[in-house]
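**Student:** what's the 3D shape of this:
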Amino acid sequence: MITSSKDKLPKGLSYVLKTSQLERALLDAGIDCEVSLNYWIPQSGSSILQGMYWLPNENVSHARVYVRAGVVPSASRAAASEALVSSGLPRFIDWLQAILALPENSSGLHGTLYFNAEYTGGGLIVTNKPVYKVRR
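**Tutor:** Have a look, this model is predicted:
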C-alpha cells in the first residue's frame, strides 16, 4: 500500500514520521489506496507532514496520495512526534477520508487537494485545501 523513499540526514536533524505510524493510521481508518511516502528536508518552512491527492491522468490510471515527511532539529523530535501522532495524523486521515467519500464527479475533486502540518516551538499548525470538516 505504501512505497517510500528516505535519504540519510545530516547530523542534528531527525525525521518525525515513522512509516509504520502512517501505515497504522491508514489501516485503522480502512483507507486502501496507493500512497507514495517521501522523506525530505524542506527548503523553507517547518513542514513535517504534507499530503497531496492526485486524480488519475493520462500517465497514471488511478488516484493516489503523495505524502512528504519532513524533519526537525533532533532535540525537538519527541515533542514534534507527539504533536504529529496526537493531532496531525488524525487530521490528515480526516482530510483524506473526506476526499475519498466524494463522488467521482464532485467539483470538490478539482483544484488543489493539499494537506500540510508544520511544527513550530508552539505546536502544530495544520492547513488543508479544501477544508473539510469530518465528524469522528
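
**Student:** And Leu22, how far from Ala79?
**Tutor:** From Leu22 across to Ala79, the span is 19 Å (C-beta to C-beta, to the nearest Å). For every residue, glycine as well, the C-beta is placed using N, CA and C.

**Student:** who has more neighbours, those two?
**Tutor:** Neighbours were tallied for Leu22 and for Ala79 using other C-beta atoms under 10 Å; the higher tally belongs to Leu22 (23 against 15).

**Student:** State whether that one is indeed within a helix.
**Tutor:** Yes - checked against DSSP: H, G, I helix; E, B strand; the rest coil, Leu22 lies within a helix.

**Student:** Hmm, it is touching Leu37, no?
**Tutor:** Yes - taking contacts as C-beta atoms under 8 Å, Leu22 lies within contact range of Leu37: 6.3 Å.

**Student:** Common neighbours of those two, please.
**Tutor:** In terms of C-beta atoms under 8 Å, 6 or more residues apart in numbering, Leu22 and Leu37 are both contacted by the residues 2, 67, 69.

**Student:** So which one of the residues you listed is the model least confident about?
**Tutor:** Comparing pLDDT over the shared contacts of Leu22 and Leu37, Ile2 scores lowest. The value there is 90.

**Student:** How many residues are close by that one?
**Tutor:** 14.

**Student:** For it, which non-adjacent residue is closest in space?
**Tutor:** Val35 (4.6 Å; C-beta to C-beta, 6 or more residues apart in numbering).
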